[in-house]
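Colleague: sequence and predicted structure below; questions after.
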There are 2 protein chains.
Amino acid sequence: MVQITRLATTEPDFAQRLEGLLAWESVSDKQVQQTVDNIIDDVRARGDAALLDYTARFDGWQPADAAALEIPPARLAQALSAIPAAQREALQLASERIRAYAGHQALQSWEYREADGTLLGQKVTPLDRVGLYVPGGKAAYPSSVLMNAVPAKVAGVPELIMVVPTPGGELNELVLAAAQIAGVDRAFAIGGAQAVAALAYGTDTIPGCDKIVGPGNIYVATAKRAVFGQVGIDMVAGPSEILVLCDGDTDPDWIAMDLFSQAEHDEDAQSILVTWDAAYLDRVAASIDKLLPTMERSDLIAKALQARGALILARDEDDAARVANDIAPEHLELSVADPEALSRKIRHAGAIFMGRYTAEALGDYCAGPNHVLPTSRTARFSSPLGVYDFQKRSSLIMASAAGAAELAGTASVLARGEGLTAHARSAEYRGSGDA
Amino acid sequence: MVQITRLATTEPDFAQRLEGLLAWESVSDKQVQQTVDNIIDDVRARGDAALLDYTARFDGWQPADAAALEIPPARLAQALSAIPAAQREALQLASERIRAYAGHQALQSWEYREADGTLLGQKVTPLDRVGLYVPGGKAAYPSSVLMNAVPAKVAGVPELIMVVPTPGGELNELVLAAAQIAGVDRAFAIGGAQAVAALAYGTDTIPGCDKIVGPGNIYVATAKRAVFGQVGIDMVAGPSEILVLCDGDTDPDWIAMDLFSQAEHDEDAQSILVTWDAAYLDRVAASIDKLLPTMERSDLIAKALQARGALILARDEDDAARVANDIAPEHLELSVADPEALSRKIRHAGAIFMGRYTAEALGDYCAGPNHVLPTSRTARFSSPLGVYDFQKRSSLIMASAAGAAELAGTASVLARGEGLTAHARSAEYRGSGDA
């Protein structure tokens, strides 16, 4: 029997107990911070030599020289042709769907002219060079390669540089195959904080990038935070979360398995069910107890469900929607008869999985939308990873002589109001005559 | 005579010398960090009581109680009617132009259906509540209120909360008037790290927000960095910069004044001119020497120009564009005969001011585009503040039964390839039959 927290929104201490379950602060371990700072300083100072040392120390293999850190393009192509056909086809189908969806996200430049001829607009350009961090070893996820790399290429990023640690020198064939499909331009067998430092500052061998994306362990996450500003970063993700809103008419085994699919990630993962059908909570609890022993990662799942999971009884659908907006979950399943109506009540969620057939796992791999999503309630203010994260905007302003004359008066009044005389005079020149 | 660094792109050490001039790292002073951390902890623990204490200590006035921290809406309206008509009209005109431009930036929801009935899309929603930090005292900029508040209201943010410190209890009328015009919903007379903490975590009096925007001193910037994750933040800005590309045919007094208009902000501000007309560098230098003594902030301007300014000779227009892309400036003036042609060669800049009439100062106040722009070369990967910063996206996925059956196969293969069995089984359920 898995002991999962039961809550009801009618309880007087509901808000407080929910808050307690949701609370999660990334621990900024001073020891990790110091280690990462030292590694970054060392890579900035010694470049490739530092990368060779850390690779020997942390990944347990000794590259012959810095050039040996590169995984040649032919090696990626070879991986793609060597993996089983079913996996190759699945990766290709997933990448096509991710690409099709991403195509809808691309920002476009725009401009307009005012009556006096003044032009205003915004110009959209892709980033020049992006670094993609891919974890190695056990947590090697080819789907993550597709989800990070495909939007970057759709955005038009000309150079996409992948880094992936290879513990013991061992390469993950699925990761390499996914990189080949996604169009990764160059790949290097480095990882950890040293790889992040190399991508941020560049070495003789590793090209410096403008942005670094992709998941990683606490050292990688800490390094990304540290180099933020020097380069852009995607986000620093917390544990994975799912919130299921159900009217009580979905097969409880399906919902139990959906809750498991988050819980199997790690013991901090969070799986919560909200329903307004009291009997359904018991049915799902029974499915959990029935199915858990059949799961390969049953210990991990049980730990996560007991530590951070919850079965919540709401008053009605509106009440459940309020809970969802308060939680602002990474993944939100609306397992109800009319998911479109319910979705209109949702203001905050990374991704909304609508209807009984839309398992969150479909979205993790191949539905098309990105699986890199805001966690830890950050969906209140941030968005899924997308093409727009690999583009940026420049404002365009071209004042006509008449436009400048008119604007100059306003700018001058405001600049003088702020005590900025050079601003005022710079504007006034344009209002006063010929260039 | 102001001594400004002279460089030429043909010099062998040009790249290195330019790099040296551009280098600017925000110092993370441990003392400031510790002070800010303590203030945040204290506001989280003691709420309003802490705000009252810090306001007495740092702003030199003792509010009667927490309610006295609020600046009533009527006070904003009163400021607007009390300021001189010329200023009121200038603020109104600027706000209308900022609003018109911002209207072009709003993100729209989109969705599409596939042949099997599966729906995919992204839903765009405004943030619920945004906090706007406005500096008090000498650096009180009403233009900054407009630039931060107007896009938030265009995005549809229902609650916009302004905080502004009032040293000695003194309110800045222009700031209040701008807040009234921009549609600020509530305003509080608090500032510093304590105001940022209150906006991030909420107190009994100050509503907790989802994002905090606006400029501030080192304590404010450090506090924003510290609460990032709990809430969104706009950006942590470095010193202001201008890069002027000129063909040599603009009145050198105009260009000198444009360089001054950045330099008058503070001594770390950066003003750089690039031209491919060697004689023009001397003409601008002469204008600088002629005009500098006439400036109110001549000491500050001279300091900034000497410390971080430069006059650069390029080989030709293409060469100058390369320098611009390398610098990725916050403000880029293209003071040339055909600015549209040159703008097509620019990949990285916060805002591009095209043509001899488009002084950067026009953009600071009233042209329409935002004056909150990426600094310190971050235009390589980030964008001007805009309506899109007050909106976020949620992915939408609604699989039809047929769609789910097809996706389930692909998801299952990939999930099993990653060792995530619960993901695979959750997908397989949807491929196998009725809900």
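Modeller: Perfect, thanks for sending it.
Colleague: the domain parsing of chain A - what is it?
Modeller: For chain A, the structural domains run A:5-26+A:238-367, A:30-108+A:126-233, A:399-431, going by automatic domain parsing.
Colleague: buried residues in the shortest one?
Modeller: With burial defined by 16 or more other C-beta atoms under 10 Å in any protein chain shown, the residues of domain A:399-431 counted as buried are A:399-401, A:403-418, A:420-431. Glycine gets a C-beta too; all of them are placed from N, C-alpha and C.
Colleague: filter those down to the ones close to chain B.
Modeller: Applying C-beta under 8 Å from any C-beta of the partner chain to the buried residues of domain A:399-431, one finds that A:399-401, A:403-404, A:407-411, A:413-415, A:417-418, A:420-427, A:429-430 fall near chain B.
Colleague: so where do the strands sit in the stretch 1-150 of chain A?
Modeller: Ranges of strands in the stretch 1-150 of chain A, per DSSP state E, counting those that start in this stretch, are A:5-8, A:70-71, A:110-113, A:119-126, A:129-133.
Colleague: what does the third one contact?
Modeller: With contact meaning C-beta atoms under 8 Å, 6 or more residues apart in numbering or on different chains, strand A:110-113 is reached by A:Leu119, A:Leu120, A:Gly121, A:Gln122, A:Lys123, A:Leu396, B:His104.
Colleague: please redo it, this time with the cut-off set to 10 Å
Modeller: A:118-124, A:393, A:396, A:398, A:400, A:403, B:100-101, B:104-105, B:368 (C-beta atoms under 10 Å, 6 or more residues apart in numbering or on different chains).
Colleague: A:Val387: what's it in contact with?
Modeller: For A:Val387, the contacting residues are A:99, A:101-107, A:126, A:150-157, A:370, by C-beta under 10 Å, 6+ apart.
Colleague: now, of those, which are buried?
Modeller: Listed as buried from the contacts of A:Val387 are A:99, A:101-102, A:104-107, A:126, A:150-155, A:157, A:370; burial here means 16+ other C-beta under 10 Å.
Colleague: out of these, which touch chain B?
Modeller: A:Tyr101, A:His104, A:Gln105, A:Leu107, A:Pro126, A:Asn370 (C-beta under 10 Å from any C-beta of the partner chain).
Colleague: now the helix or strand hosting A:Asp319: buried residues?
Modeller: Using DSSP states H and E, the element containing A:Asp319 is helix A:317-327. Residues A:Glu317, A:Ala320, A:Ala321, A:Val323, A:Ala324, A:Asn325, A:Ile327 are the ones in helix A:317-327 that count as buried (16+ other C-beta under 10 Å).
Colleague: now it: mean pLDDT?
Modeller: Mean pLDDT, helix A:317-327: 98.
Colleague: continuing past it, what's the next helix or strand?
Modeller: Once helix A:317-327 ends, the next helix or strand along the chain (criterion: DSSP H and E) is strand A:331-335.
Colleague: strand partners (parallel or antiparallel) of that following strand?
Modeller: Strand A:331-335 pairs in its sheet with strand A:241-246 (parallel), strand A:351-354 (parallel), by DSSP bridges.
Colleague: any chance of the ones you listed in JSON lines, with distance to A:Ala66, mean neighbour count and mean pLDDT too?
Modeller: Formatted as JSON lines, the strands paired with strand A:331-335 follow (distance: least, C-beta to C-beta, whole Å; neighbours: other C-beta atoms under 10 Å in any protein chain shown; pLDDT from 0 to 100):
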{"stretch": "strand A:241-246", "distance to A:Ala66": "40", "mean neighbour count": "26", "mean pLDDT": "98"}
{"stretch": "strand A:351-354", "distance to A:Ala66": "40", "mean neighbour count": "26", "mean pLDDT": "98"}
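Colleague: does chain B sit close to the helix holding A:Asp319?
Modeller: Yes. Residues of helix A:317-327 contacting chain B under C-beta under 10 Å from any C-beta: A:Asn325.
Colleague: which other helices and strands contact that helix?
Modeller: helix A:14-22, strand A:241-246, strand A:270-275, strand A:310-313, strand A:331-335, helix A:339-343 (3 or more C-beta pairs under 10 Å, 6 or more residues apart in numbering or on different chains; DSSP states H and E).
Colleague: which of the ones you listed sits most buried?
Modeller: Stretch with highest mean neighbour count among the helices and strands packed on helix A:317-327: strand A:331-335 (a mean of 29; mean count of other C-beta atoms under 10 Å in any protein chain shown).
Colleague: coming back round to it: in helices only, show me the buried ones among the contacts of A:Val387.
Modeller: The helices, defined by DSSP state H, take in A:Arg99, A:Tyr101, A:Ala102, A:Val150, A:Pro151, A:Ala152, A:Lys153, A:Val154, A:Ala155 from those.
Colleague: for the buried residues of helix A:317-327, which one is nearest chain B?
Modeller: Nearest to chain B among the buried residues of helix A:317-327 is A:Asn325, at 8.5 Å by C-beta to the nearest C-beta.
Colleague: which ones are touching that closest one?
Modeller: Contacts of A:Asn325 by C-beta under 10 Å, 6+ apart are A:Leu332, A:Lys345, A:Ile346, A:Arg347, A:His348, A:Ala349, A:Ala379, A:Arg380, B:Asp128.
Colleague: show the buried residues in those residues.
Modeller: By neighbour count, with 16+ other C-beta under 10 Å, the contacts of A:Asn325 hold A:Leu332, A:Ile346, A:Arg347, A:His348, A:Ala349, A:Ala379, A:Arg380, B:Asp128 as buried.
Colleague: ok, back up a step: need the ones next to chain B among the buried ones among the contacts of A:Val387 in TSV with distance to B:Lys290 and pLDDT, can you?
Modeller: Below are those laid out as TSV (distance: C-beta to C-beta, whole Å; pLDDT from 0 to 100):
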residue	distance to B:Lys290	pLDDT
A:Tyr101	59	98
A:His104	55	97
A:Gln105	52	96
A:Leu107	44	97
A:Pro126	43	98
A:Asn370	56	96
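Colleague: list just the one of the strands paired with strand A:331-335 that sits closest to B:Leu21.
Modeller: Across these, B:Leu21 has its closest neighbour in strand A:351-354 (44.8 Å, C-beta to C-beta).
Colleague: centre of the chain to that closest one, how far?
Modeller: Centroid displacement of strand A:351-354 relative to its chain, using C-alpha atoms, centre = their mean, to the nearest Å, is 16 Å.
Colleague: stretch A:258-266 now?
Modeller: Its chain's C-alpha centre and that of stretch A:258-266 lie 18 Å apart, by C-alpha atoms, centre = their mean.
Colleague: same question, stretch A:108-121
Modeller: Per C-alpha atoms, centre = their mean, the displacement of stretch A:108-121 from the mean C-alpha position of its chain is 34 Å.
Colleague: could I get the average pLDDT for it?
Modeller: Averaged across stretch A:108-121, pLDDT comes to 97.
Colleague: ends of it, what's the gap?
Modeller: Start and end residues of stretch A:108-121 are separated by 11 Å (C-alpha to C-alpha, to the nearest Å).
Colleague: if you count neighbours, what's buried in that stretch?
Modeller: Residues of stretch A:108-121 classed as buried: A:Glu114, A:Thr118, A:Leu119, A:Leu120, A:Gly121 (neighbour count, 16+ other C-beta under 10 Å).
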